[in-house]
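Visitor: coords please:
(2 chains)
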Amino acid sequence: MKSFAWQPGRARRDDPEQGSRRNTSSPGRMILATALSLVLAILGSAGAFASSSLTGAGSTWVYPLVAKWAAAYESKTGIKVNYQSIGSGGGIAQIKAGTVAFGASDMPLKPEELKEAGLIQFPTAVAGEDLVYNLPGIKPEALVLSGPVVADIYLGKIKKWNDPAIAKLNPNIKLPNMAITVVHRSDGSGTTFTFCDYLSKVSPEWKSKVGANTSVAWPTGVGGKGNEGVASYVQRIPGAIGYVEYAYILESHLSDARMINRDGKIVSPSLKGFQDAAAHVDFTKAQDFYVILTDHTGPDTWPISGCTWQILRKTAPKETNIEVMKFFDWGFEQGQGMAKSISFGPLPPTTVSAIKSYWKSELGYSI
Amino acid sequence: MSDLDIAVRIETQPMSEEPRSAGRSRYLSADFLFHKAAVFAAIVVAGALFATVIAITYDSWTSIQTFGVWRFLASSEWNPVTQTFGAFPFIVGTLVSSAISMILAVPISFGIAVFIAEVAPTWIKRPIAGAIELLAAIPSIVYGLWGLLVFAPAFAMVEPWINDHIGSIPGIGVLFQGPPMGIGMLTAGIVLAIMVLPYTSSIMRDVFLIVPSSLRESAYAMGATTWEVAWNVVLPYTRSAVIGGVFLGLGRALGETMAVTFVIGNSNTLSPSLLMPSATIPSVLANEFTEATTKLYLSSLIYLGLILIAVTLVVRFLAVLLIRRLGRREGAVA
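Guide: Now for the predicted structure:
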């Protein structure tokens, strides 16, 4: 029996033990096979690109709404809307760079900024956020807080739950002698912007010391990543307080607080509260729809309400912009039920027609 | 005979018979190609390192121009609203969390390595080594989730004890005072220590196992205890490799992002206590990069990355120095 070991000087091909088995793994064949499969894959996926698809990116706040609308829109029209929730700042950066068809942001860009970058923005829906707390024994919505008190808590001036300022607002609750652990967002976020904007309005000290932006220099506290991060810290740490979107509170059964609004009334967060805030603002008069919904008057108005905007590029191809406008117009007309089911409030009625005429006046064309 | 056979035959001659026979083959010989490919690979890797440093410096130039070097390194203010940025809390956070992880991981790794090399019966060596190496296979984000969801609540029950007993010692007590949140610098250091453990311990173990048994056995023969053999014979013999392993682990700890972001609490202010939330350079980069809207903000974040590269290079340089110095003392080749 011939030894099976390969001897130097002998090509494998000639070895009878190998028999007629061709060298099936020659490098040349492998390269050819790989190249062929790559080409096929690209051709195959090109088919996917051929059907219409829109890409958007930005705010995590509006993500549930856009996802719901996109799913229904695709089943209706076959156009796929691809949305990446990378945060408002990311959305703004991407639309400025022109890598997406629309950018979503919870912080409106100022008209000068829009003009400089060649962008337009329009609002999509209204929603709100609330403070959540972890106080054993105190039921959800039992705690009442006011804007100045929250600002002092987040400034680190009020350190304990049984501080007289909080006790004054809650005469019927026995507040424990626990340290307050402040939880804020570690990543940049439109939720932060709305919250800090509200605090800037109700507390001059907050306005001068910290200000409002998607990311601020928090005087105190722990940072959680995303709404989930804040929620999980609040759930885990007794005596913690944090701020999250209202839709999130509904989903995760956190204890939320009631706030004293500008009229001095104690209100709970609700869709009506957000819409009341929006009703006090004339979207049609604001240039580029630059409105802030925090701290408005009204008996039921929720103080920490916010809006979310979509940003388009003026110099984008006409077809792309038209597709985006068609999608959001469909959302405004047909998607309000879906929006309400996840606690996003529709815009005031005259706003939608104002948006359409804005498109026409800014871009020169409309749907 | 076919051409292929001729080429194969020439290449497989022993070197002394047909020196540089490769060059005389009719085909591009495998040896020549391999040589060139190896040189190319080395150049690409070194070039990639230089290119990375140059690219990052270029991207952070706006921030370097605005803040300069020393002001940025020494400033504690990180304020996106007023657009003033300073790196000091993050540098401190990175160094302190890595230091904690090293202080915890190195003695335990040494213990594991000694156990496997000296003490354990043969049948248990492989399973334990395998289990430790499995720790390295766990993705770092899983460590982050575990740290946040499992370890932090458990640690929060221990923290009041630490606060009361160690926190009340005058002097170092201020390092251990804080609310029992479960997250913070100390938690991050502990999670990092667990992540770094497999790297340091497997290097130490491998190197302890190849210590010549004559060396060990002569020590035992003279009546040395297991501890004395491990500390006075095995460790000095393997010192440079052990230090190399430790710096490998340190490199991992310095750059670890997701696990740290979950458990460190993300507070951009400097605080003396280890129980308070803090931030490291990788964690602040992970948190704030996507939302950095202005050029200066983005540039400052990239500047932080440049500082991290510099820190890593300095650590590496110190490692090489240390190994060379020890090697010189022992008379061994570095």
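
Visitor: how deep is residue B:162 tucked in, by neighbour count?
Guide: Counted with other C-beta atoms under 10 Å in any protein chain shown, residues neighbouring residue B:162 total 18. From N, CA and C alone the C-beta is placed, and that goes for glycine too.

Visitor: Need the nearest residue in space to it, chain neighbours excluded.
Guide: residue B:176 (5.3 Å; C-beta to C-beta, 6 or more residues apart in numbering or on different chains).

Visitor: quick one: contacts for that neighbour?
Guide: Applying C-beta atoms under 8 Å, 6 or more residues apart in numbering or on different chains, we find residue B:176 in contact with B:162, B:163, B:166, B:167, B:169, B:273, B:274, B:275.

Visitor: What sits closest to residue A:95 if chain neighbours are left out?
Guide: Per C-beta to C-beta, 6+ apart, closest to residue A:95 is residue A:103, 3.1 Å.

Visitor: coming back round to it: just the buried ones from the contacts of residue B:176, in PyMOL syntax?
Guide: Those of the contacts of residue B:176 that count as buried under 16 or more other C-beta atoms under 10 Å in any protein chain shown are selected in PyMOL with:
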select buried, chain B and resi 162+163+167+273+274+275
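
Visitor: near chain B, which residues of chain A show up?
Guide: Within chain A, the residues that sit near chain B (C-beta under 8 Å from any C-beta of the partner chain) are A:8-11, A:13-14, A:86-90, A:92-93, A:179, A:181, A:186-189, A:210-225, A:232-233, A:236-237, A:239.

Visitor: Show the buried residues in those.
Guide: Buried, going by 16+ other C-beta under 10 Å: A:11, A:86-90, A:92-93, A:179, A:181, A:186-189, A:210-225, A:232-233, A:236-237, A:239, out of these.

Visitor: Restricted to helices, list the residues of chain A next to chain B.
Guide: Members of the residues of chain A next to chain B lying in helices (criterion: DSSP state H): A:88, A:89, A:90, A:92, A:93, A:232, A:233, A:236.

Visitor: What is the burial count for residue 291?
Guide: No chain was given, so I picked chain A. Count around residue A:291 with other C-beta under 10 Å applied: 20.

Visitor: wait, I meant chain B there
Guide: Per other C-beta under 10 Å, the neighbour tally for residue B:291 reads 27.

Visitor: Might one say that it is in contact with residue A:88?
Guide: Yes - at 6.8 Å, residue B:291 and residue A:88 qualify as touching, with contact defined as C-beta atoms under 8 Å.

Visitor: just to revisit the earlier point, okay, the ones in helices among the residues of chain A next to chain B in JSON lines with distance to residue B:260 and pLDDT next?
Guide: Listed next are those as JSON lines, based on distance: C-beta to C-beta, whole Å; pLDDT from 0 to 100:
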{"residue": "A:88", "distance to residue B:260": "25", "pLDDT": "82"}
{"residue": "A:89", "distance to residue B:260": "22", "pLDDT": "78"}
{"residue": "A:90", "distance to residue B:260": "22", "pLDDT": "81"}
{"residue": "A:92", "distance to residue B:260": "27", "pLDDT": "87"}
{"residue": "A:93", "distance to residue B:260": "25", "pLDDT": "84"}
{"residue": "A:232", "distance to residue B:260": "16", "pLDDT": "85"}
{"residue": "A:233", "distance to residue B:260": "16", "pLDDT": "88"}
{"residue": "A:236", "distance to residue B:260": "18", "pLDDT": "84"}
